[in-house]
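[1] heads up, no residue letters with this:
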């Protein structure tokens, strides 16, 4: 499931799971994902929003204590499922990565996934004056300044596929026009 995730994004999900387990939650919620994003200072999401500095505010807005209990709850299975909103967040993160033409899903995509719909984490972020257009702009600027590391195959694919984006759109429009014209001609023949 997490093949497309960068190492930072995988760790953010791991830390979200950690937060949920230590807070004795039954599922991993969007609040846990937001807290998981705040663990590392050098991830894209943390750099864009300075999440580490806002952790106290985020916890207060989420209505949870700053740090979880120190005792790890014993369980036969510590695999916590994602709740419905967290699954939606991960789906939106994929959409955000695809929107950026990025193969890998990074922490800024997770953050933008949280902001795409109303949930516990997005409401906390909105109250801190964080919104989706601002995060998208900051993410774009950060990616331009610090481009993601690419494998040689992805670099070659980008070189050859980048010019094809515009051509593929034009080709799709041309095919659509041809199909409509063929339907009109066929309709006129009857």
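    The structure has been received and is ready for your questions. The structure presented is a predicted model; accordingly, all values stated were derived computationally and were not measured.
[2] now do the helices in this protein.
    For the chain, the helices defined by DSSP state H occupy 7-22, 30-37, 44-49, 55-62, 84-99, 107-115, 120-127, 132-145, 152-189.
[3] verify the stated contact: residue 100 with residue 143.
    Yes - the criterion here is Cβ atoms under 8 Å, and residue 100 meets it with residue 143 at 7.2 Å. Where C-beta positions appear, they are placed from N, C-alpha and C, glycine not excepted.
[4] before we move on, back to that, so can I have TSV of the helices of the chain showing mean pLDDT and mean neighbour count?
    Shown next, in TSV, are those (pLDDT from 0 to 100; neighbours: other Cβ atoms under 10 Å):
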stretch	mean pLDDT	mean neighbour count
helix 7-22	92	20
helix 30-37	92	28
helix 44-49	87	22
helix 55-62	73	16
helix 84-99	96	18
helix 107-115	96	28
helix 120-127	89	19
helix 132-145	92	14
helix 152-189	77	10
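[5] list the contacts for the nearest residue to residue 120 once chain neighbours are set aside?
    Among residues not flanking residue 120 along the chain, residue 31 sits closest, at 4.8 Å (Cβ to Cβ, 6 or more residues apart in numbering). Neighbour list for residue 31: 62, 64, 120, 121, 124 [criterion: Cβ atoms under 8 Å, 6 or more residues apart in numbering].
[6] now do the nearest residue to the first one once chain neighbours are set aside against residue 97, distance only.
    Pointing back at residue 62 there. Of all residues not flanking residue 62 in the chain, residue 31 sits nearest, at 4.7 Å (Cβ to Cβ, 6+ apart). Using Cβ to Cβ, to the nearest Å, residue 31 is found at 22 Å from residue 97.
[7] hang on, the earlier thing: state the pair within the contacts of residue 31 that is farthest apart.
    Between any two of those, the greatest separation by Cβ to Cβ is 11.3 Å, found for 64 and 121.
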